[in-house]
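Trainee: please work out how this folds:
(chains A and B)
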Amino acid sequence: MGSWKRSHYCGSVTADQLGQDVCVMGWVQRRRDHGGLIFIDLRDREGVLQLALDPDRDPAAHQKAEAVRNEFVVAVIGKVSPRPDGTVNPKMKTGEVEIEVRELKILNRSETPPFMLDEFTDVAENIRLKYRYLDLRRASVQSCLMLRHRVTRTVRAYLDENGFLDIETPVLTKSTPEGARDYLVPSRVNNGQFYALPQSPQLFKQLLMISGYDRYAQIVKCFRDEDLRADRQPEFTQIDCEMSFVDREDVMTIMEGMIARVFKETRAIELSLPMRRMTYAEALDKYGVDNPDLRFDLELVEITALVKSCGFKVFAEVAAGGGMVKALNVKGGAGFSRKELDEFTAFAAIYGAKGLAWVKMTAEGWQSPIAKFFKPEELSALEKALQAEEGDLLLFVADSAKVANESLGRLRQHLGQKLGLASKEKYSFSWVTDFPMLEWDEEEKRHVAVHHPFTAPLDEDVALLETDPGKARAKAYDLVLNGSEIGGGSIRIHDQAIQQKIFSLLGIGEEEAQEKFGFLLDALSYGAPPHGGIAFGLDRLTMILAGTDSIRDVIAFPKTQKATCLLSEAPGVVAEKQLQELGIRLRKPVNQGKRE
RNA sequence: GGGGCCGUAGUAGAGUCGGUUACAACGCCGGCCUGUCACGCCGGAGGUCGCGGGUUCAAGUCCCGUCGGCCCCGCCA
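Mentor: Alright, predicted model coming up:
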């Protein structure tokens, strides 16, 4: 660069600087060579600026520009000039001006990039990820990461203003039962033993409350060794908070204030507070899922009682046998084709539904394969329950409560998308509360924690832990935005006896509890304050703010669905010597033969 | 562990019923061009049709396997 100092970002040069000399540095987006005049679009993170090189005015600079190619790194000094009449480009932020280049330096050359870094070329994601450092130069990708920066900046400011202390917690920690599969790190100093990377800093933030820090918050990486999805990465970032001497309302109030601030400062969107609250039971009843998309209504209706003794055996038997029959009235949906109905059936089947019954409400009455099984009064009872009118499509699932709710609930979401009811411009929040404490795990033949083992029961449900633990509800809350769980937390157990009771209900014996969580149990016995907290998925929140469907779009260096990094080629094999130091011998040699 | 979609020059695609030398676009290289902005015009180079096997006189195309990317179920307290 010599003595040159950059004076402006490319994207920040506008008519305000007319007549000034500026020095800009950046990457060549494109060169347009007119034989005489050469134009260069120079790009940096703030935008693109047109450089004009005139052979009559500055022959030396023009000649250097002949050799410039895409993605060369270039510095220029020149005067900010108005573009001649008729050549203003209204599509560009800097389109009223250009730089009359007086001096040009090529700071570095570039190979021809493997793909065009413009906004017009769609590139396969595996290519983008392999050359992520080039992909990250693109304005659309940069805007996601800059948005993410504004989110974290706003969160940190809000939490600081509200008295939260940012305290770091260990990354090398201890594997605990329950929850997701751990990522393990072998210990060299203690051969045969392993650290686990945290699934969340849960225990440490509770310990900090016991230590009197009162309000803790951290934007922190968490690790879960489970399969990936469009909105799930093995390492992801939480906005992790914990507070002492609070109840559920305190936590929800302060946290919805944080979310509102984020929406205001990053997207200039005013949210109305307080946010809606609904119980888990209501969510399941009306929407079939615990993370309902409330941008549209399309509520489920339970008709189990109505069809208990109806003429349609499939419904009647499920209803009589302790199952559940639920229906969805798709207003104006009678126009769906047979093919689309088959598609809906296949969709419901993904979630275990053995069938999807449908009825088209026509001028002639029910058009449906199952119409013939119902008596006239049964038809009218169903129509009334579903408020069915001509032109509607009724969809039914009869199954276990779990399957009926989930399949029809997911179908509801699918239909909302398909019918264009789920606008990306709309943001519908709700807290979902009163989750069950426990859930029966058929595979393991035991109860598992719905939230986590440190979640406190509702005061009025404590007695149920003895008599009917499956019915006990938790002081837990999730924040749901547009059908996506963006955060969740709970008031914690601060009483050692109740904590031990929960462990025993989870089938965690006293010895195991002592071994795995002994330090927490001990801590609880030394004056633990009532406390609770929450964690938000920063990646998911940013995804929604950015309007993208992939979590990879808001992570600089994301992993593929097989949890590999195409850029660094992680994970990789390690030297035998490294394994020896760790006392590890592989069961199967790698790099030999085929995988089984 | 399972279901689905995809893989063809550097990039993103077309390629019919299995049949001559695998096509045009963008990019790249060379030439021309003094107001373009996804500049334009002329010319050129560029291919292990993901990989392996099979069927066939003949495979980008059909079959089997495999690798990779994506979406989903399971899993994710």
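
Trainee: state the distance from whichever residue of the stretch 351-500 of chain A sits closest to RNA strand B to residue A:471.
Mentor: Closest contact between the stretch 351-500 of chain A and RNA strand B, by CB to the nearest atom of the strand, is at residue A:452 (2.8 Å). (C-beta placed from N, C-alpha, C; glycine too.) Distance, residue A:452 to residue A:471, by CB to CB, to the nearest Å: 19 Å.

Trainee: which one's more surrounded, the two?
Mentor: Taking other CB atoms under 10 Å, residue A:452 and residue A:471 do not tie; residue A:452 has more neighbours (21 against 12).

Trainee: can I assume the more buried one sits in a helix?
Mentor: No - checked against DSSP: H, G, I helix; E, B strand; the rest coil, residue A:452 lies outside a helix; its state is coil.

Trainee: pLDDT wise, what is it at?
Mentor: Per-residue confidence (pLDDT) for residue A:452: 92.

Trainee: what does residue A:176 give?
Mentor: On the pLDDT scale, residue A:176 gets 80.

Trainee: tell me, how many neighbours does the residue lying closest to it once chain neighbours are set aside end up with?
Mentor: Nearest residue to residue A:176, sequence neighbours excluded (CB to CB, 6 or more residues apart in numbering): residue A:516, at 5.2 Å. Counted with other CB under 10 Å, residues neighbouring residue A:516 total 19.

Trainee: contact partners of the host helix or strand of residue A:516?
Mentor: Applying DSSP states H and E as the criterion places residue A:516 in helix A:510-524. Applying CB atoms under 8 Å, 6 or more residues apart in numbering, the contact partners of helix A:510-524 are A:174, A:176-177, A:203, A:206-207, A:210, A:454, A:493-496, A:499-500, A:503-504, A:508.

Trainee: any buried residues in the helix ranked longest in chain A, and which?
Mentor: If you go by DSSP state H, chain A has its longest helix at helix A:139-161. By neighbour count on 16 or more other CB atoms under 10 Å, the buried set for helix A:139-161 is A:139, A:141-142, A:144-145, A:147-148, A:151, A:154-155, A:158-159.

Trainee: what's next to that helix, contact-wise?
Mentor: A:43, A:45, A:47, A:119, A:135-136, A:166, A:217, A:219, A:239, A:241, A:257-258, A:261-262, A:265-266, A:538, A:541-542, A:545-546, A:548, A:553-554, A:556.

Trainee: buried subset of those as a ChimeraX selection?
Mentor: The ChimeraX command for the buried members of those (criterion: 16+ other CB under 10 Å) is given here:
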select /A:43,45,47,135,136,217,219,239,241,257,258,261,262,265,266,538,541,542,545,546,548,553,554
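
Trainee: what about RNA strand B: which of the contacts of helix A:139-161 touch it?
Mentor: Residues of the contacts of helix A:139-161 in contact with RNA strand B (CB under 7 Å from any atom of the strand): none.

Trainee: give me the subset of the contacts of helix A:139-161 lying in helices.
Mentor: Those of the contacts of helix A:139-161 lying in helices (DSSP H): A:135, A:257-258, A:261-262, A:265-266, A:538, A:541-542, A:545-546.

Trainee: from those residues, which two are the most distant?
Mentor: Taking CB to CB, the two most distant members of these are A:135 and A:257; they sit 35.7 Å apart.

Trainee: excluding its backbone neighbours, what's nearest residue A:405?
Mentor: Nearest residue to residue A:405, sequence neighbours excluded (CB to CB, 6+ apart): residue A:288, at 4.0 Å.

Trainee: surely the one you found is in contact with residue A:406?
Mentor: Yes - between residue A:288 and residue A:406 there is a contact under CB atoms under 8 Å: 6.1 Å.

Trainee: quick one: contacts for the nearest residue in space to residue A:582 that is not next to it in sequence?
Mentor: Leaving out its chain neighbours, the residue that sits closest to residue A:582 by CB to CB, 6+ apart is residue A:186, at 4.3 Å. Contacts for residue A:186 (CB under 8 Å, 6+ apart) come out as A:193-195, A:582-584.

Trainee: show me what residue A:186 is bridged to.
Mentor: residue A:194 (DSSP bridges).

Trainee: and it, what pLDDT?
Mentor: Per the predicted model, pLDDT is 96 at residue A:186.

Trainee: likewise for residue A:88?
Mentor: 96.

Trainee: next one: it from residue A:330, what distance?
Mentor: 50 Å.

Trainee: comparing the two, which residue is more hemmed in?
Mentor: With neighbours defined as other CB under 10 Å, residue A:88 and residue A:330 compare such that residue A:330 has more, 22 against 14.

Trainee: I figured the more buried one hits residue A:389, correct?
Mentor: No - using CB under 8 Å, residue A:330 is not in contact with residue A:389; the gap is 11.6 Å.

Trainee: shared neighbours of those two, anything?
Mentor: Between them, residue A:330 and residue A:389 share no contacting residue, judged by CB under 8 Å, 6+ apart.

Trainee: sec struct for residue A:500, please.
Mentor: helix.

Trainee: can you give me the neighbour number for it?
Mentor: Neighbours of residue A:500 using other CB under 10 Å come to 18.

Trainee: which residues sit in contact with it?
Mentor: Contacts of residue A:500 (CB under 8 Å, 6+ apart): A:510, A:513, A:521.

Trainee: I would like a PyMOL command selecting only the buried ones among those residues, please.
Mentor: In PyMOL, a selection of the buried entries from the contacts of residue A:500 looks like this (16+ other CB under 10 Å):
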select buried, chain A and resi 513+521
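
Trainee: may I see the contacts of residue A:500 arranged in JSON lines, with distance to residue A:447 and pLDDT as well?
Mentor: Converted to JSON lines, these look like this (distance: CB to CB, whole Å; pLDDT from 0 to 100):
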{"residue": "A:510", "distance to residue A:447": "17", "pLDDT": "86"}
{"residue": "A:513", "distance to residue A:447": "15", "pLDDT": "86"}
{"residue": "A:521", "distance to residue A:447": "19", "pLDDT": "91"}
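
Trainee: and the contacts of residue A:500, which is closest to RNA strand B?
Mentor: The closest of these, once distances to RNA strand B are taken by CB to the nearest atom of the strand, is residue A:513, at 13.9 Å.

Trainee: buried ones among the contacts of residue A:186?
Mentor: A:194-195, A:582.

Trainee: I'd like these laid out as CSV, including distance to residue A:39 and pLDDT.
Mentor: Formatted as CSV, those follow (distance: CB to CB, whole Å; pLDDT from 0 to 100):
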residue, distance to residue A:39, pLDDT
A:194, 59, 96
A:195, 56, 96
A:582, 58, 96
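
Trainee: now those in JSON lines, with distance to RNA strand B?
Mentor: As requested, the buried ones among the contacts of residue A:186 are exported to JSON lines (distance: CB to the nearest atom of the strand, whole Å):
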{"residue": "A:194", "distance to RNA strand B": "18"}
{"residue": "A:195", "distance to RNA strand B": "17"}
{"residue": "A:582", "distance to RNA strand B": "25"}
